[in-house]
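> My questions are about this predicted structure, shown below with the sequence.
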Amino acid sequence: MPPPMFDPSRFGSELAYTLIVVFLFVFVYFRTREMYDLTKHKGIHYFRNAFLFFGLAYAARFLFHLVQLGFIVLDYRRPGMMLFPLVFPIVGYLGTIAIFYLAYSTYWERIRYSYFLIVSNFVALIVAVAAFISGSPFVVALVQLPLIIFTLVKTSKVAHKKKSHVKALYFLVSLFWLLNLFVLTPRWFVPFEAKVALQLVSTAVFIFLAYKVLRWTR
Amino acid sequence: MDKVSRKRDRLEVIHDILKIVRDRHNSIKPTPLLRYSNLSSSSFSDYYKELVLKELVREESDKKGRKFVTLTDKGFKFLEKYKYILGFIEEFEL
């Protein structure tokens, strides 16, 4: 029987949330495959990459819960301290690359891909190192926050003929990623109800995004 | 004209070339295709290479060795999905 620290409802909600989110992002990735195969449009390519990396990042984020559960069941002490340095560099790297790809999908014609690759990987490595040294998702989120603001400011200047308010959707996807990092930190007190509310709202936004993709890929 | 709309025009050109082929009973010689596409020969050559590379069209020869351009299944699919592709690119500002 697991020790009393283990909370099945928290673990269950995290598992369900991760499965749904990863499914939705993988759905976006595969649903747009035909469109990309037909056109080889670079914007579609980077858009797909963004959701592939978000899917991987959310899956990696769940590793935290899995390994923590392993530590608890095996009765190790202070599992968070042992785990964060291992998991959060991966989570930080994948999340950063995902945010970069999402932004780059809208302004890829203005910046060379090689330049984008160098900058995005450099920043993602800095985030990963910061995550490794600090062992805290709070630091990862803190480093990613200015990145999101910067990329959104840059991309909002790109003019498009049709205003679709999709930038707000991109902002929400990135914001929910950060909030989902904040709620992982063990020192951060987040009531279970607030966490579930965040999961419900973010799931609704991700479903809306997947629905928008579905509408154009019938 | 900014770069974003130029990119869209590029897809439009591809669409137009494929449509010309389809509307000519899916068989047209390269020279009339160049004429109907309203492109310069160098520009047409670039697009044509791209279409062959992307497997949207293929070249076939008859018994006399005359070349014809025909759409592939992928080419037909592109025409079928074209409005959705444009809609998607605009919707997500790609």
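It's in.

> For the rest of this, base every contact and every neighbour count on C-alpha atoms.
Noted.

> quick one: contacts of the longest helix seen in chain B?
Determined from DSSP state H, the single longest helix within chain B is helix B:3-23. For helix B:3-23, the external contacting residues (CA atoms under 8 Å, 6 or more residues apart in numbering or on different chains) are A:39, A:109, A:160, B:27-28, B:33, B:36-37, B:47, B:51, B:57, B:69-71, B:75, B:78-79, B:82, B:86.

> which of the residues you listed count as buried?
Using 16 or more other CA atoms under 10 Å in any protein chain shown as the burial test, those include A:39, A:160, B:27-28, B:33, B:37, B:47, B:51, B:57, B:69-71, B:75, B:78-79, B:82 as buried.

> In chain B, mark out all the helices, start to finish.
Ranges of helices in chain B, per DSSP H, are B:3-23, B:30-37, B:41-53, B:73-91.

> residues touching the residue in chain B that chain A sits nearest to, list them.
Ranked by CA to the nearest CA, the top residue of chain B for proximity to chain A is B:Leu94, at 4.7 Å. Contacts for B:Leu94 (CA under 8 Å, 6+ apart) come out as A:Gly43, A:Ile44, A:Phe47, A:Ser105, A:Thr106, A:Tyr107.

> Neighbours of B:Glu55, how many?
By other CA atoms under 10 Å in any protein chain shown, 16 other residues sit near B:Glu55.

> Enumerate every residue touching it.
When contacts are counted by CA under 8 Å, 6+ apart, B:Glu55 touches B:Thr72, B:Lys74, B:Gly75.

> let's go with 6 Å and repeat that
Residues near B:Glu55 by CA atoms under 6 Å, 6 or more residues apart in numbering or on different chains: none.

> Just the pLDDT at it, thanks.
Residue-level confidence at B:Glu55 comes out at 91, pLDDT.

> From the contact counts, what lies against the longest helix anywhere in chain A?
Of all the segments of type helix in chain A, defined by DSSP H, the longest one is helix A:42-73. Other elements packing on helix A:42-73 under the criterion 3 or more CA pairs under 6 Å, 6 or more residues apart in numbering or on different chains; DSSP states H and E are helix A:8-31, helix A:79-107.

> nearest to chain B, of these?
Evaluated over those, closeness to chain B peaks at helix A:79-107, with 4.7 Å, by CA to the nearest CA.

> picking up where we left off before, out of the helices of chain B, nearest to A:Ser202?
helix B:73-91 (20.4 Å; CA to CA).

> For that closest one, buried residues please.
B:74-76, B:78-79, B:81-82, B:84-85, B:87-91.

> wait, does it make contact with chain A?
Yes. Counting by CA under 6 Å from any CA of the partner chain, chain A has neighbours in helix B:73-91: B:Tyr84, B:Phe88, B:Glu91.

> how about the residues of chain A that lie near chain B?
Residues of chain A lying close to chain B (CA under 6 Å from any CA) are A:Gly43, A:Ser105, A:Thr106, A:Ser164, A:Val166, A:Trp216.

> from those, which is closest to A:Phe51?
Out of the residues of chain A next to chain B, the member with the shortest distance to A:Phe51 (by CA to CA) is A:Ser105, at 11.1 Å.

> Check whether that closest one really touches A:Arg48, as I assumed.
No. In this structure, A:Ser105 is not within contact of A:Arg48 by CA atoms under 6 Å, at 8.8 Å.

> okay, the two: which has more neighbours?
Between A:Ser105 and A:Arg48, counted using other CA under 10 Å, the more crowded position is A:Arg48 (25 against 22).

> which regions of the chain lie under the pLDDT threshold?
In the absence of a named chain, this looks at chain A. A:1-6, A:71-84, A:154-164, A:185-189 (pLDDT under 70).

> actually chain B
For chain B, the stretches with pLDDT under 70 are B:1-8.

> Give me the nearest residue to A:Leu63, chain neighbours excluded.
With CA to CA, 6 or more residues apart in numbering or on different chains as the criterion, A:Leu63 has its nearest non-adjacent residue at 7.1 Å, and that residue is A:Val87.

> count of neighbours near the one you found?
Neighbour number of A:Val87 under other CA under 10 Å is 22.

> what do you get for A:Leu15?
As a burial measure, A:Leu15 scores 15 neighbours (other CA under 10 Å).

> same check, this time on A:Ala16
Using other CA under 10 Å, A:Ala16 is surrounded by 12 other residues.

> Can you tell me how far it is from A:Val196?
To A:Val196, A:Ala16 is 11 Å away according to CA to CA, to the nearest Å.

> Please identify the most buried of the helices and strands packed on helix A:42-73.
helix A:79-107 (a mean of 24; mean count of other CA atoms under 10 Å in any protein chain shown).

> which strands and helices sit next to it?
Counting by 3+ CA pairs under 6 Å, 6+ apart, helix A:79-107 packs on helix A:42-73, helix A:113-134.
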